[in-house]
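Asker: this one's structure only:
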Ligand code: ADP
């Protein structure tokens, strides 16, 4: 489902590669945690998958799409396959929770009827059904992040990339977000999570890929994580 074969990304030749011949295979429905110190190359890896950045060399195939053969006109198809959430929630401040999630469907021409049908179901998945009419500033950070997750999954992507989604949250709200990611994974979505939170990594007991200086330093199932 996600395949990287000896992928290198060099932003600046004088500084050496941000990612150095990374090979990684992620099966459908896996839950993979990517860890590593700041500057290790985690965001670069995720940006290559979302096509925000292009590799300097190496092969990337996601959901049957070979990135070497990807045209600009295919990018919307890719965006459909991959949902993204980030540390900052990037919600529209002047729209309600419902409208924030609905917006992801409006921009691709989904009918009002279908939007009214779909959005409450997705808000239910992220445990925010009763907050549909609230504005983002009326919500806690954890609730805002769950709105962002609802927006990311409303078009039913095969893969959800969550880049430090708990970075701005206190432990309780962080867990609410992680539990939602686990639920989405149980429903069949591949989840790629980056986090610096050692406790989350250790409790989740999932596959952990550790990136160090642009290379995969370890790749372990059911792993715990020791920051060194
Ligand atoms: P992480 O997400 O693990 O903190 P990054 O992927 O952001 O790491 O960064 C990996 C390396 O690539 C770092 O040395 C960083 O300075 C460099 N880098 C990241 N993005 C750019 C960019 N757009 N231009 C130049 N260098 C970059």
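Answerer: On my side now, so go ahead. Remember, predicted model here, so these are calculated numbers, not experimental data.

Asker: can you list the residues of the chain near the ligand?
Answerer: Residues of the chain lying close to the ligand (C-beta under 6 Å from any ligand atom) are 11, 12, 18, 36, 38, 39, 40, 41, 42, 43, 44. In this view, the C-beta of every residue, glycine as well, is placed from N, C-alpha and C.

Asker: quick one: secondary structure of the first one?
Answerer: The three-state label given to residue 11 by DSSP: H, G, I helix; E, B strand; the rest coil is coil.

Asker: which pLDDT value goes with the residue lying closest to it once chain neighbours are set aside?
Answerer: Counting by C-beta to C-beta, 6 or more residues apart in numbering, residue 11 lies nearest to residue 18, which is 5.7 Å off, once chain neighbours are set aside. pLDDT recorded at residue 18 is 97.

Asker: which residues touch residue 18?
Answerer: By C-beta atoms under 8 Å, 6 or more residues apart in numbering, residue 18 lies in contact with 9, 10, 11, 41, 44, 214.

Asker: assign the residue nearest the centre of the chain to helix, strand or coil.
Answerer: Nearest residue to the geometric centre of the chain (C-alpha atoms, centre = their mean): residue 161, 1.3 Å. Under three-state DSSP, the three-state class of residue 161 is strand.

Asker: my read: it touches residue 85, true?
Answerer: Yes: judged on C-beta atoms under 8 Å, residue 161 makes contact with residue 85 at a distance of 7.4 Å.

Asker: please list only the buried members of the contacts of residue 18.
Answerer: Taking 16 or more other C-beta atoms under 10 Å as the criterion, what is buried in the contacts of residue 18 is 9, 10, 41, 44, 214.

Asker: greatest separation within these: which pair is it?
Answerer: Farthest pair in the buried ones among the contacts of residue 18 (C-beta to C-beta) is 10 and 41. Separation: 11.2 Å.
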